[in-house]
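K.L.:
below are the sequence and a predicted model for it; my questions follow.
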Amino acid sequence: MADTAEALRAEVEDLRRQLDAAKPAARSKQAAVEFLGETISPAMVQELATGGKLSAASLRSTKPGLHGDGRNLWLQVTASASAKSIAAEIEALKGEDQEGRAKEVKTLKADYGAALTRSWVFRYMLDGTPREMGLGSAREVSLIEARARAAICRRLLRERIDPLGRRRELEAARAAPAPKSTTFKDAATRYINSHKSGWKNAKHAAQWTATLEAYAYPTLGDLAVHTIDTDLVMKVLEPIWNEKAETASRVRGRVELVLDWAAAMKLRKGENPARWRGHLDKLLPRRSKVRTVKHHPALPYAGMGAFWRDLGKKEGMSAEALRFAILTACRTGEAIGARWGEIDLTGKCWTIPAARMKAGREHRVPLSAPAIELLRRLKPEDAKDDGFVFPGAKGNGPLSSMALLMLIRGMEAGKLTSHGFRSTFRDWAAETTAFPNEMVEMALAHSVSDKVEAAYRRGDMFDRRRQLMDSWATYCLRPPAPKADNVHPIGEARA
């Protein structure tokens with residue numbers, strides 16, 4: 001592609017040098033390079049300066065009428081009303097003393113020549129019908145440029161393209177209002193709306209929207225769909241490709257489908273930057289080769305039901321603290337550091353003070369019914385506001401975070417950590433629900449714009465966030481799907 005572009009630049013520069021050598025008008029150089037959307041090639045240049053019947057000098061002495069240069073190019077000279085008046089004056093002076101009026105006659109002839117209108121015309125036949133097309137005024141279009149324009153018209157005719165039709169198309173395109181750029185988010189919305197009737201259920205459409213809102217829209221959402229390139233697609237995928245291989249693969253596929261739709265709708269051109277085979281597979285490792293990052297390993301959300309069932313068999317403060325941390329999607333330190341003064345059981349709200357938050361800002365957590373039930377079960381009758389909800393063994397401090405880790409290890413849950421359940425919550429919300437990305441970010445106490453935070457601090461938006469936490473609790477407590485009788489772990493002997 002680069003070689004082709006370089007060759008084209010060389011051709012144009014060669015044309016410029018040859019046009020300069022023929023000394024056309026300065027304003028003709030650029031116009032001669034392109035006409036009717038066509039570029040003049042060096043092969044056409046040789047016919048420009050020589051080979052015609054007209055010359056630059058003869059243009060000034062031509063009389064009214066059509067004067068052929070050859071190969072469909074004509075110079076049309078027309079006498080204007082003022083030229084005709086001057087001609088009449090010259091004719092009247094013929095019977096007078098020519099010698100005494102010679103200077104006046106010379107001036108009148110010069111004025112007559114200047115009053116003539118000269119323009120270029122391309123005359124041709126199309127389907128048996130004679131046609132004419134103006135190529136511009138001879139005052140503005142030099143002889144060489146006129147020949148170049150005529151050469152382009154002949155080339156179009158050889159391709160069965162009417163030069164006049166091409167001109168009208170270009171003029172209509174210039175006159176038409178510039179189309180409003182379609183953003184990626186707009187394109188994705190239109191794609192989803194046009195395809196959701198063919199999907200199995202409404203939940204699939206909601207998952208599409210949630211996934212794009214969580215991972216694609218922050219980078220691509222407000223960008224014109226025709227401007228999206230490989231670098232931007234990589235900016236979306238790289239942060240999640242190793243940590244969330246399955247999710248990242250799904251995001252890539254959905255971005256690719258949206259961009260394919262945009263191309264079919266003529267909203268963008270060129271290759272699809274989200275294409276895997278032969279493109280992104282050269283930049284990213286295959287899903288099968290991706291190793292899960294070691295920090296905060298997360299439980300796949302599909303396994304949440306089974307894990308919660310096993311956790312329900314555990315007793316003690318560590319198990320209660322882990323259940324609370326999972327239900328509230330909060331950080332481990334925030335959960336084990338909770339005090340009774342922060343809990344409003346009547347209002348079903350947990351307010352974590354700024355001093356205990358990672359971002360240094362107060363955070364309100366809507367409490368689901370299972371979380372309220374857990375707290376009521378733990379709260380002693382003489383509970384004090386500064387008392388820890390999950391006290392340690394010594395009673396004078398909070399539970400240790402190591403206690404939760406040891407509990408998970410004792411459940412033979414691999415290398416999971418309590419913090420990893422925040423990622424489980426995040427993936428579940430993005431891939432199985434239609435809750436907005438900003439709402440999920442607020443639930444995780446991640447930083448969002450001031451405008452978004454102001455909206456979510458309003459009561460109605462807080463209630464919507466409560467719906468999110470209620471849905472999460474319902475999902476966690478949902479019984480795991482039973483295994484089929486004919487499914488056996490690898491290596492297990494069959495009965």
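P.N.:
On my side now, so go ahead. Numbering: from 1, shown residues only.
K.L.:
and the strand or helix carrying Tyr217, what does it pack onto?
P.N.:
Tyr217 is part of helix 217-220, with elements assigned from DSSP states H and E. Secondary-structure packing of helix 217-220 (3 or more Cβ pairs under 8 Å, 6 or more residues apart in numbering; DSSP states H and E): helix 184-195, helix 230-241. Bear in mind the C-beta positions are built from the backbone N, C-alpha and C, glycine included.
K.L.:
what does that helix contact?
P.N.:
Helix 217-220 is contacted from outside by 184-185, 228, 232-233, 235-236, 255, 437, using Cβ atoms under 8 Å, 6 or more residues apart in numbering.
K.L.:
what about Leu407, helix or strand, and which?
P.N.:
Counting by DSSP H and E, Leu407 is found in helix 401-410.
K.L.:
wait, Thr78
P.N.:
According to DSSP H and E, Thr78 maps onto strand 73-79.
K.L.:
buried set for that strand?
P.N.:
Buried positions in strand 73-79, judged by neighbour count with 16 or more other Cβ atoms under 10 Å: 73-77, 79.
K.L.:
then stretch 253-261?
P.N.:
By 16+ other Cβ under 10 Å, the buried positions in stretch 253-261 come out as 254-259, 261.
K.L.:
now do that stretch, average pLDDT.
P.N.:
Averaged across stretch 253-261, the pLDDT comes to 94.
K.L.:
burial count for the closest residue to Val251 other than its chain neighbours?
P.N.:
Ranked by Cβ to Cβ, 6 or more residues apart in numbering and with sequence neighbours excluded, the top spatial neighbour of Val251 is Tyr215, at 4.7 Å. Neighbours of Tyr215 under the rule other Cβ atoms under 10 Å: 24.
K.L.:
and the helices in the stretch 301-450 of the chain?
P.N.:
Using DSSP state H, counting those that start in this stretch, the helices of the stretch 301-450 of the chain run over residues 304-311, 317-328, 332-336, 369-378, 401-410, 420-432, 437-443, 450-456.
K.L.:
need the residues that contact the fifth one.
P.N.:
Counting contacts by Cβ under 8 Å, 6+ apart, the residues outside helix 401-410 that touch it are 314, 316-319, 321-322, 325, 332-333, 336, 392, 416-418.
K.L.:
kindly report the same for the longest one.
P.N.:
With contact meaning Cβ under 8 Å, 6+ apart, helix 420-432 is reached by 203, 207, 210-211, 213-215, 243-244, 247, 250, 296-301, 304, 325-326, 329-331, 435, 437, 440, 443-444, 468, 472, 475.
K.L.:
just the buried ones out of these, please.
P.N.:
Buried, going by 16+ other Cβ under 10 Å: 207, 210-211, 213-215, 243-244, 247, 250, 298-299, 301, 304, 325-326, 329-331, 435, 437, 440, 443-444, 468, 472, 475, out of the contacts of helix 420-432.
K.L.:
what stretches of this protein score poorly on pLDDT?
P.N.:
Residues of the chain that meet the criterion pLDDT under 70 lie in 1-34, 36-51, 60-62, 79-116, 176-180, 200-201, 288-297, 412-414, 447-460, 481-495.
K.L.:
hmm, back to that, if we take the contacts of helix 217-220, which one ends up nearest to Met125?
P.N.:
Checking these against Met125 with Cβ to Cβ, the nearest one is Ile228 at 47.2 Å.
K.L.:
ok, that closest one touching Leu259?
P.N.:
Yes - assessed by Cβ atoms under 8 Å, Ile228 is found in contact with Leu259 at 6.6 Å.
K.L.:
residues that sit against both of those two, list them.
P.N.:
268, 273.
K.L.:
where does the nearest residue to Leu157 once chain neighbours are set aside land in three-state SS?
P.N.:
Residue nearest to Leu157 in three dimensions, not counting chain neighbours: Tyr124, with 6.2 Å by Cβ to Cβ, 6+ apart. Of the three states, Tyr124 takes strand under DSSP: H, G, I helix; E, B strand; the rest coil.
K.L.:
what sits against Tyr124?
P.N.:
72, 130-133, 153, 157, 163.
K.L.:
out of those residues, which end up buried?
P.N.:
Buried among those by 16+ other Cβ under 10 Å: 72, 133, 153, 157, 163.
K.L.:
please indicate which of the contacts of helix 401-410 are buried?
P.N.:
For the contacts of helix 401-410, buried by 16+ other Cβ under 10 Å: 317-319, 321-322, 325, 332-333, 336, 416-418.
K.L.:
need phi/psi at the residue most central in space within the chain.
P.N.:
Geometric centre of the chain, nearest residue: Val225, 3.5 Å, by Cα atoms, centre = their mean. As for Val225, its main-chain torsions (degrees, to the nearest 10) stand at phi -60, psi -30.
K.L.:
does it touch Thr183 like I think?
P.N.:
Yes - the criterion here is Cβ under 8 Å, and Val225 meets it with Thr183 at 6.5 Å.
K.L.:
skipping its backbone neighbours, what lies nearest Ala329 in space?
P.N.:
Phe425 (4.3 Å).
K.L.:
now swap in Gly221 and tell me
P.N.:
Gly221 sits nearest to Lys185 (Cβ to Cβ, 6+ apart), 4.1 Å away.
K.L.:
tell me the contacts of the one you found?
P.N.:
Each residue near Lys185 by Cβ under 8 Å, 6+ apart is listed here: 212, 217, 220-222.
K.L.:
of the contacts of helix 217-220, closest to Asp310?
P.N.:
When the contacts of helix 217-220 are compared against Asp310 (criterion: Cβ to Cβ), the nearest one is Asn437, at 30.7 Å.
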